[in-house]
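> quick one: sequence plus predicted model below, questions after.
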Amino acid sequence: MIPLEHVMWLAALQASLGLAGLLLRRSGPIVVLAGILMLNGGLLMVAGLAADRESAPLQAPGVIILALMALLVIAGVAVAYAFDRLRRPLNVDEYDRMKH
Amino acid sequence: MEIILFWVLGALSLTAAGFAMLHPRPARAATALSLAMAANGGICLVLGQYLLGLEVLLLLTAGALFLRAFLRGREILQIHTGGRPRWSLARVSGAAAAVAFLWLLLPLLSDLERPRPIESGDTFAAAWIALLALLSAGLTGAWVIHARRGQNGGPAT
């Protein structure tokens, strides 16, 4: 049996790495990947709690997080691909307006 | 023994995640993140959460198929954007929203810990339905790729 604290530490480290990527990277696709990494940390936390409490209902948030992850990948890749086709830069720092 | 396996997988996952966040090219970063996700799937299996582990691995396979079929070799994954980041309101508020999401998730989980024997079966069935939905989405994706390739008269790059 793995202690819950170990799982929580690993999940927190993963989420922090994702947060650092979200804040520090400029490439659009990598910012999407950073978001996925943060969700991965959340998923690990849910899996750890479900294992610790031997609770099946706790798997439901895990499934929701997985669905969010899939949505993020699809939406992120679609936006990046559309920008690429329109020959717009993928540097997220260049987009600082809500219009145009 | 279990804890050693857990930390071996954890170290692999963290190294791959760190590499993904540091590498300038999205293609290699995506590959490294896939490795981190595979390690996470393994961790779920080590924790005894077989359904979640299988779903992570299934999602990973679907993602890899998607990347290979649609984006392999395209310029979008080769773009190098180095240099110092610029702080923006959108970026900081996005990060704050992400932290708030994780913060709000914790009390939600403590609510869910109460044993609910009648509902647990339903939730478990819902998780299996989600797994089947993911599987069918993967199969549909594969069919669409196959059809598109047939239309174009050759493999998509």
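Sure thing, it's come through. Quantities reported herein were computed from a predicted structural model and do not represent experimental measurements.
> so what's the backbone phi/psi at residue A:27?
Dihedral pair for residue A:27: phi -80, psi 130, per degrees, to the nearest 10.
> list the contacts for residue 47?
Reading this off chain A. Residues in contact with residue A:47 (CB atoms under 8 Å, 6 or more residues apart in numbering or on different chains) are A:7, A:62, B:43, B:44, B:47, B:49, B:52, B:53. To be clear about C-beta, it is placed using only N, CA and C from the backbone, and glycine gets the same treatment.
> ah, no, chain B please
By CB under 8 Å, 6+ apart, the residues touching residue B:47 are A:2, A:7, A:47, A:48, A:50, A:51, B:6, B:53.
> in TSV: the contacts of residue A:47, plus distance to residue A:33.
As requested, the contacts of residue A:47 are arranged in TSV below (distance: CB to CB, whole Å):
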residue	distance to residue A:33
A:7	22
A:62	20
B:43	19
B:44	20
B:47	24
B:49	24
B:52	21
B:53	21
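> out of the residues you listed, list just those in helices.
Applying DSSP state H to the contacts of residue A:47, the entries found in helices are A:7, A:62, B:43, B:44, B:52, B:53.
> what's the lowest-pLDDT member of the residues you listed?
Lowest in pLDDT among those is residue A:62, which has 82.
> wait, it touches residue A:46, no?
Yes - judged on CB atoms under 8 Å, residue A:62 makes contact with residue A:46 at a distance of 4.3 Å.
> shared neighbours of the two, anything?
Common neighbours of residue A:62 and residue A:46 (criterion: CB under 8 Å, 6+ apart): residue B:52.
> in helices only, show me the contacts of residue B:47.
A:7, A:47, A:48, A:50, A:51, B:6, B:53.
> now tabulate the ones in helices among the contacts of residue A:47 in a markdown table and tack on neighbour count.
As requested, the ones in helices among the contacts of residue A:47 are exported to a markdown table (neighbours: other CB atoms under 10 Å in any protein chain shown):
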| residue | neighbour count |
| --- | --- |
| A:7 | 23 |
| A:62 | 26 |
| B:43 | 30 |
| B:44 | 28 |
| B:52 | 29 |
| B:53 | 20 |
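> dump those residues into CSV; add distance to residue B:17 as well.
Converted to CSV, those look like this (distance: CB to CB, whole Å):
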residue, distance to residue B:17
A:7, 16
A:62, 19
B:43, 12
B:44, 16
B:52, 18
B:53, 18
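> look up how far residue B:139 lies from residue B:20.
Distance from residue B:20 to residue B:139, counting by CB to CB, to the nearest Å: 28 Å.
> and residue A:34, by the same measure?
30 Å.
> do residue B:1 as well
From residue B:1 over to residue B:139 the distance is 37 Å, taken as CB to CB.
> can you pick out the residue with more neighbours from those two?
With neighbours defined as other CB atoms under 10 Å in any protein chain shown, residue B:1 and residue B:139 compare such that residue B:139 has more, 11 against 5.
> what's the burial count for residue 51?
Picked chain A for this. Using other CB under 10 Å, residue A:51 has 21 neighbouring residues.
> that's the other chain; I wanted chain B
Neighbourhood size, residue B:51 [other CB under 10 Å]: 19.
> cool, residue B:45 as well?
Residue neighbour count, defined by other CB under 10 Å, stands at 18 for residue B:45.
> read off the pLDDT value for it.
Predicted confidence (pLDDT) for residue B:45: 90.
> give me the nearest residue to it, chain neighbours excluded.
What sits nearest to residue B:45 in space, not counting adjacent residues and going by CB to CB, 6 or more residues apart in numbering or on different chains, is residue B:53, at 3.9 Å.
> ok, residue B:44 next?
Once flanking residues are discounted, residue B:44 sits nearest to residue B:53: 3.4 Å by CB to CB, 6+ apart.
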